[in-house]
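Peer 1: Okay, sequence plus prediction incoming.
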Amino acid sequence: MKPLIGIVPSIEEKERQYFTMADNVEAIKQTGGIPVVLPYIEEESAIAQLVAHIDGLYLAGGNDVDPSYFGEEPHPQLREVNPTRDAFEVQLVGQMVSQNKPVLGICKGCQIINIALGGDIYQDIKSQMKQSLVQHQQKSLHLYSTHMIDLVKTSQLHRIIGKDSIRVNSRHHQAIRTLGKDVVVSSHARDGLIESIESTTYDFVLGVQWHPESLLAANDAPSLQLYTTFIKKCQLQKSEKE
């Protein structure tokens, strides 16, 4: 049987809507998983039930992260936040890693992993980072790769993709600043910004700052390798549980 992959949707509280981009669902389906869009739940015991039934967690992109999670006041350049989603995701990550279940974070999801494990982020890279930056909010279509990143040769991500450098897409203004507990960098942009992280404690807890779901829709090989490995890890988790 295929592994069940929980996808955290975006939430529009005024319109009372949950939604996720079709590329997120298709990426999971294409690489052998069954995507399940998760409902927002507050009770810790109910979240534990969700975690018991899914084999992997997929944290998609979304709004800015509430800076109260890392002890800061809102920066002037902070955009819309959604505390309901942040609270749900932080709890989910905590419960998933406690059971050593695979977690893949995309863009905001990468930042949430780091924050859930005790790290923090830049609320706005343009105003808070001193160095000159490449274009991290690309003006091209999402399916186009626009800037290079260099992978750490000893990293799990390097083993998955098998290349020292790849070109990625980019649409974010926040990024990881201080690493969480037992979290290491697995790639950098050429301006020094952290582009991906992974856990040294758990089998597969990995976050990337770009959007491989959009690149996979354009037949990008590194993105296919990333999702395929994630689903294989989730399948292994499922097999061990049965």
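Peer 2: Received, thanks.
Peer 1: okay, CA-based contacts and neighbour counts for the rest of this
Peer 2: OK.
Peer 1: Could you check how far the residue lying closest to His136 once chain neighbours are set aside is from Leu133?
Peer 2: Nearest residue to His136 in three dimensions, chain neighbours excluded: Ser170, at 5.0 Å (Cα to Cα, 6 or more residues apart in numbering). Taking Cα to Cα, to the nearest Å as the measure, Ser170 falls 12 Å from Leu133.
Peer 1: Between those two, point out the one with more neighbours.
Peer 2: Legend: neighbour count by other Cα atoms under 10 Å for Ser170 and Leu133, higher for Ser170 (26 against 14).
Peer 1: What distance do you get for that one to Glu213?
Peer 2: Using Cα to Cα, Ser170 is found at 12 Å from Glu213.
Peer 1: Ser186 too?
Peer 2: 19 Å.
Peer 1: neighbour-wise, which of these two wins?
Peer 2: Glu213 (26 against 23).
Peer 1: Quick one: classify the more buried one as helix, strand or coil.
Peer 2: When classified by DSSP: H, G, I helix; E, B strand; the rest coil, Glu213 comes out as helix.
Peer 1: close enough to count as contact, it and Lys29?
Peer 2: No. Counting by Cα atoms under 8 Å, Glu213 stays clear of Lys29, with 11.3 Å between them.
Peer 1: can you give me the offset of the worst-scoring helix or strand of the chain on mean pLDDT from its chain's centre?
Peer 2: Lowest by mean pLDDT, DSSP states H and E among the helices and strands of the chain is helix 125-128, with a mean of 80. Distance of helix 125-128 from its chain centroid, counting by Cα atoms, centre = their mean, to the nearest Å, is 21 Å.
Peer 1: same deal with stretch 88-107?
Peer 2: Using Cα atoms, centre = their mean, the offset of stretch 88-107 from its chain centre is 10 Å.
Peer 1: Residues in contact with that stretch: which ones?
Peer 2: If you take Cα atoms under 8 Å, 6 or more residues apart in numbering as the criterion, stretch 88-107 is touched by 8, 40-42, 44, 47-48, 51, 55-62, 110-113, 115-117, 172, 202-212, 230, 233-234, 237.
Peer 1: from these, which would you call buried?
Peer 2: Neighbour counting with 16 or more other Cα atoms under 10 Å marks 8, 40, 47, 51, 55-62, 110-113, 115-117, 172, 202, 204-212, 230, 233-234, 237 as buried within those.
Peer 1: what about Glu43, how many neighbours?
Peer 2: Look at Glu43: counted by other Cα under 10 Å, it has 10 neighbours.
Peer 1: same thing with the one 10 residues further on?
Peer 2: Per other Cα under 10 Å, the neighbour tally for His53 reads 13.
Peer 1: Tell me who's in contact with it.
Peer 2: By Cα under 8 Å, 6+ apart, the residues touching His53 are Leu4.
Peer 1: just to confirm, which helix or strand has Lys101 in it?
Peer 2: According to DSSP states H and E, Lys101 maps onto no helix or strand at all.
Peer 1: Which residue ranges of this structure form helices?
Peer 2: 22-30, 44-53, 83-98, 108-116, 125-128, 156-161, 212-216, 221-241 (DSSP state H).
Peer 1: which one of these is the most hemmed in?
Peer 2: Among the helices of the chain, ranked by average contacts under mean count of other Cα atoms under 10 Å, first place goes to helix 108-116 (a mean of 27).
Peer 1: Now do stretch 172-184, average pLDDT.
Peer 2: Averaging pLDDT along stretch 172-184 gives 94.
Peer 1: now stretch 194-202
Peer 2: Mean predicted lDDT for stretch 194-202 stands at 97.
Peer 1: ok, residues contacting that stretch?
Peer 2: Identification of contacts with stretch 194-202 by Cα under 8 Å, 6+ apart yields 97, 100, 110, 114, 149, 156-157, 175-177, 182-189, 204-210.
Peer 1: Can you flag which of these belong to strands?
Peer 2: 149, 175-176, 183-189, 205-208 (DSSP state E).
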